[in-house]
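In: only geometry, no sequence info:
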């Protein structure tokens, strides 16, 4: 390969990479909206009336479970970016009732829950608009304690809830993804 051909090829690859990075940045900026933060919460923070979203508990050993308590006075619509059949809702629950039902729900797995984590979901103005409750599992057994990753994005008055299994989590058989490869 001549020097001129190599330089031309290098320039072309560089331009393609730059275009790909810019396109990905634009798409991410447009599609994900404003990222909402979560902060630790106390059960007493859940005062009011809530719509309860119960995600998971599809089979006895399911560890991908969580609950959302959405303040019914929140000025936002919530849209879970998951299959409609992967969650159910309960309307008009007091804070104490919603939290009790959520706590029972996230413990539905035959896998032992080590403890739970309760967090506020805060809008750009710093107002609490919802809460999440997740089970935490034995990190020695599971590879980490928090099985699900959840992210919240606000776009045009709608909070999109992204829920996915943590990719660093060990498989159900206790091994990691690289176990057994190359044998």
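Out: Structure's in. What do you need? Being a predicted model, the structure only gives us computed values, none of them experimental.
In: now do the strands in this protein.
Out: With DSSP state E as the definition, the chain shows strands at residue ranges 34-40, 49-55, 66-71, 77-80, 87-94, 113-122, 128-137, 148-155, 158-165.
In: which one of those strands lies nearest to residue 106?
Out: With C-beta to C-beta as the criterion, residue 106 lies closest to strand 128-137 of these, at 4.4 Å. In short, each C-beta sits where N, CA and C put it, glycine included.
In: average pLDDT for that closest one?
Out: Throughout strand 128-137, pLDDT has a mean value of 97.
In: packing partners for it?
Out: In terms of contacts (3 or more C-beta pairs under 8 Å, 6 or more residues apart in numbering; DSSP states H and E), strand 128-137 is packed against strand 66-71, helix 95-106, strand 113-122, strand 148-155.
In: buried stuff in the third one?
Out: So the one you mean is strand 113-122. For strand 113-122, a neighbour-count test (16 or more other C-beta atoms under 10 Å) marks 113, 117-122 as buried.
In: got a pLDDT number for the one residue sitting closest to the centre of the chain?
Out: Within the chain, one residue has its C-alpha closest to the average C-alpha position: by C-alpha atoms, centre = their mean, that is residue 150, at 1.2 Å. Residue 150 is assigned 97 on the pLDDT scale.
In: could you do residue 140 as well?
Out: On the pLDDT scale, residue 140 is placed at 88.
In: residue 114 versus that one, what's the distance?
Out: Residue 140 sits 10 Å away from residue 114 when distances are taken as C-beta to C-beta, to the nearest Å.
In: count of neighbours near residue 37?
Out: Summarising burial for residue 37: neighbours were counted as other C-beta atoms under 10 Å, giving 12.
In: one more: residue 164?
Out: Residues within reach of residue 164, counting by other C-beta under 10 Å, total 12.
In: how about it, nearest residue that isn't a chain neighbour?
Out: Counting by C-beta to C-beta, 6 or more residues apart in numbering, residue 149 is the residue found nearest to residue 164 once chain neighbours are left out, at 5.4 Å.
In: let me see the contact set for that neighbour.
Out: Remark: with contacts taken as C-beta atoms under 8 Å, 6 or more residues apart in numbering, residue 149 is in contact with 162-166.
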